[in-house]
Structures are given as structure tokens and as C-alpha cells.
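**Student:** pasting a predicted model and its sequence here:
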Amino acid sequence: MGPDFTSVYARATRLACRELDGEFVIVPALEAPGEEHITYYTLNEVARAVWERLDGKTTLGEIGEALEEVYEVEKEALERDMFQLLSHMEEKGLVSKLS
């Protein structure tokens, strides 16, 4: 089952986040010394807005309401995109579901 609007997520702590050349980039810490490749993730503007609100306190419903006020997007599309984004981020270890 995917996230619901009462769910609360937090960002993982072992990440580097930076804006590079106009893109927001997340780089997980290397897991093993000598690891040869680096995996990184880029976020578009809306995904970054979701990311920045994943504080371990704010519910997905509250995040969705805040984003609806800022971006002109249909609620159903925003909900679907948030669920897909968070499912992917959770799978990659970038976020964890707290409740």
C-alpha cells in the first residue's frame, strides 16, 4: 500500500543536497570505501518543493495543500505524482516513512 495523506516522511540523513547549474541534486553517501560510481538524483521544481517539506512533522496532506496554493496543478495529478515520487525515494533510501 502506498502513502496516504496522514503519512509523515523524513529525509535520510546521509545525503548531500546542492543546487548545481540550476538543478537540485541529491547524492547519497558512498556505502563502501573505493566505490567507483556515484548515483545521484535530480529533482524538478515541484519535486524539490515536496523534498524541502519532508521534515518528519508535516503530513502529506499538508504538503499537498501548500503546493496546491503555489503551483497551478490539479489535485489528483499532484497526489499521484507525490505518491510516485515518495515511493521511488523510499525505495532508493532517500526518505523514510515515520507514520
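**Tutor:** Structure received. Keep in mind that what you see is a predicted model, and the values were worked out from it rather than measured. Numbering: from 1, shown residues only.
**Student:** okay, CA-based contacts and neighbour counts for the rest of this
**Tutor:** Noted.
**Student:** now do the strands in this structure.
**Tutor:** 8-11, 15-20, 23-28, 41-43, 55-59, 95-97 (DSSP state E).
**Student:** list the buried residues in the third one.
**Tutor:** Of the residues in strand 23-28, those buried by neighbour count under the rule 16 or more other CA atoms under 10 Å are 24, 25, 26, 27, 28.
**Student:** that one vs strand 15-20, what angle?
**Tutor:** 160 degrees (axes from the mean of the first three to the mean of the last three CA atoms, to 10 degrees).
**Student:** packing partners for strand 23-28?
**Tutor:** strand 15-20, strand 41-43 (3 or more CA pairs under 8 Å, 6 or more residues apart in numbering; DSSP states H and E).
**Student:** identify whichever of those strands lies nearest to residue 6.
**Tutor:** strand 41-43 (23.5 Å; CA to CA).
**Student:** okay, now the sheet partners of the closest one, with direction.
**Tutor:** strand 23-28 (antiparallel) (DSSP bridges).
**Student:** any idea how far the strand it pairs with is from the chain center?
**Tutor:** 11 Å (CA atoms, centre = their mean, to the nearest Å).
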